[in-house]
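Q: Here's my sequence, what's the structure:
(one chain, ligands or ions: 3)
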Amino acid sequence: MSGNIGPVDAGRVPRYVGPATFARLPRIDQVGRADVIVLGIPFDSGVSFRPGARFGPAAIREASRLLRPYHPGLDVEPFAAAQVVDGGDLAVNPFDIAAAIDTVTREAGALAGDAALVVLGGDHTLSLPLLRATAARHGPVALLHFDAHLDTWDSYFGVPYTHGTPFRRAVEEGLLDTDALCHVGIRGPLYAKADLDNDARFGFGIVTSADVMRLGVDAVVARLRERVGDRPLYVSVDIDVLDPAHAPGTGTPEAGGMTSRELLEILRGLRGTRLVGGDVMEVAPAYDHAGITATAAAHVAYDLVSLLALTPRAGAAPTTGT
Ligand SMILES: N=C(N)NCCCC(=O)O
Ligand SMILES: [Zn+2]
Ligand SMILES: [Zn+2]
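A: Ligands and ions are numbered 1, 2, ... in the order given. Purely as a prediction, here's the structure:
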């Protein structure tokens, strides 16, 4: 017995009964202690095309009802190895992006305390305040950014805080360790070739979607592990890193993406790195079909939680499989 409070038992209470928390885990107020907090941030005022990611957290929680307690790919029972809770949703201003970012910077950090956050978005603007909160605790972090898009553009309509700009701002603010940054899954048209030059100048490496196909999962994992080493690591997953066939429910879809199998296997390859937090962004359920995208996002979040459950935390005893 781990002493941790786990999900509602699907053998006693059918999966579809009751309000949805992530993986049917307890709410934070029901436990009062957490190693890992799954936190929703319903916000999509930073998008440049199709809106709707504000409904992402609710859709991911619904899809997560089917998750089970043992992760065979990582050989861990994440909810036994760590106290994982659902932290609910942050309430942020939909009419004022700067105010929303301020709220997330303050409240995400305060809520987390010594726990690690896995955030369900919400649009990719949110990764900036989440990285602020992360860097305030760990210093500049390594970043693996899974996305079709660079998200290192400068501004849209003169506005610096959008879902296409968070990682440029994060570099400018000194939140990232610029020796340990990599995008994975990049593809699709850019505004200009200079986008790539700027991106490289900020310190990012790129593993394209085509690289994943040509090199394969194991070689990509080796490259990523070499880049991040044992630095504190943040993993940001924009669900549009997946091909629209695997994730139609998103605001800026691009053809030629990864499969959910490839993404999950790459994440599992990160076992043993020093993950300190992560997010799953850009799920927009209105464009989804049969919950394909929400299901993929729920599994990505489960893998991030599982990796965190395996990562020794300061002040916590090292975790084992059960
Ligand atoms: N972060 C996401 N999903 N998309 C950024 C796309 C920015 C653009 O409209 O060019
Ligand atoms: Zn994207
Ligand atoms: Zn993005």
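Q: Give me the neighbour count for residue 210.
A: The criterion is other C-beta atoms under 10 Å. On that basis, residue 210 has 12 neighbouring residues. C-beta: built from backbone N, CA, C; applies to glycine.
Q: number of nearby residues for the residue lying closest to it once chain neighbours are set aside?
A: By the measure of C-beta to C-beta, 6 or more residues apart in numbering, the closest residue to residue 210 outside its immediate chain neighbours is residue 187, 7.1 Å from it. Residue 187: 20 surrounding residues under other C-beta under 10 Å.
Q: How about residue 113?
A: Burial measure for residue 113: 10 neighbouring residues, criterion other C-beta under 10 Å.
Q: so who does residue 288 touch?
A: For residue 288, the residues meeting the contact criterion (C-beta atoms under 8 Å, 6 or more residues apart in numbering) are 59, 248-249, 294.
Q: quick one: residue 228 from ligand 2, how far?
A: Residue 228 sits at a distance of 21 Å from ligand 2 (criterion: C-beta to the ion, to the nearest Å).
Q: For that residue, which non-adjacent residue is spatially closest?
A: Using C-beta to C-beta, 6+ apart, the nearest residue to residue 228 is residue 142, at 4.1 Å.
Q: and the one you found, bridged to which residues?
A: The residues listed as beta-bridge partners of residue 142 by DSSP bridges are residue 233.
Q: That one is in contact with residue 230, isn't it?
A: No - counting by C-beta atoms under 8 Å, residue 142 stays clear of residue 230, with 9.2 Å between them.
Q: Have a look at those two and say which one is more surrounded.
A: The residue with the greater number of neighbours, taking residue 142 and residue 230 and applying other C-beta under 10 Å, is residue 142; the counts read 26 against 10.
Q: and residue 72, how many neighbours does it have?
A: The number of residues packed near residue 72 is 7, by other C-beta under 10 Å.
Q: Of the contacts of residue 288, which is the most crowded?
A: residue 249 (30 neighbours).
Q: Okay, and which of the contacts of residue 288 map to helices?
A: 59, 294 (DSSP state H).
Q: What residues does the stretch 151-300 of the chain have near ligand 1?
A: When proximity is defined by C-beta under 6 Å from any ligand atom, the stretch 151-300 of the chain lies next to ligand 1 at 151, 163-164, 238, 240, 252, 282.
Q: List the contacts of the residue nearest to residue 210.
A: Contacts here follow C-beta under 8 Å, 6+ apart; on that basis residue 187 touches 148, 208-210, 254-257.
Q: what do you get for residue 58?
A: Under the criterion of C-beta under 8 Å, 6+ apart, the contact list for residue 58 reads 20, 40, 42, 285.
Q: Now do the SS call for residue 145.
A: Applying DSSP: H, G, I helix; E, B strand; the rest coil to residue 145 yields a three-state assignment of strand.
Q: Give me the distance between residue 190 and ligand 3.
A: Separation of residue 190 from ligand 3 (C-beta to the ion) stands at 14 Å.
Q: now swap in residue 52 and tell me
A: Distance, residue 52 to ligand 3, by C-beta to the ion: 15 Å.
Q: any idea how far ligand 1 is from that residue?
A: Distance of residue 52 to ligand 1, given as C-beta to the nearest ligand atom, to the nearest Å: 12 Å.
Q: Please, where are all the strands along the stretch 201-322 of the chain?
A: Residue ranges of the strands in the stretch 201-322 of the chain, as given by DSSP state E, counting those that start in this stretch, are 204-208, 232-238, 274-281.
Q: how distant is the shortest one from the center of its chain?
A: A distance of 18 Å separates the C-alpha centroid of strand 204-208 from that of its chain, computed with C-alpha atoms, centre = their mean, to the nearest Å.
Q: Equivalent analysis for the second one, please.
A: Between the mean C-alpha location of strand 232-238 and the chain-wide mean there is a distance of 6 Å, by C-alpha atoms, centre = their mean.
Q: now the angle between strand 274-281 and it, please.
A: Between the axes of strand 232-238 and strand 274-281, defined by axes from the mean of the first three to the mean of the last three C-alpha atoms, to 10 degrees, the angle is 20 degrees.
Q: what does the shortest one give?
A: For strand 204-208 against strand 274-281, the angle by the same axes, to 10 degrees is 60 degrees.
Q: Quick one: list the elements packing against strand 204-208.
A: strand 176-186, helix 217-228 (3 or more C-beta pairs under 8 Å, 6 or more residues apart in numbering; DSSP states H and E).
Q: Sounds good, over and out.
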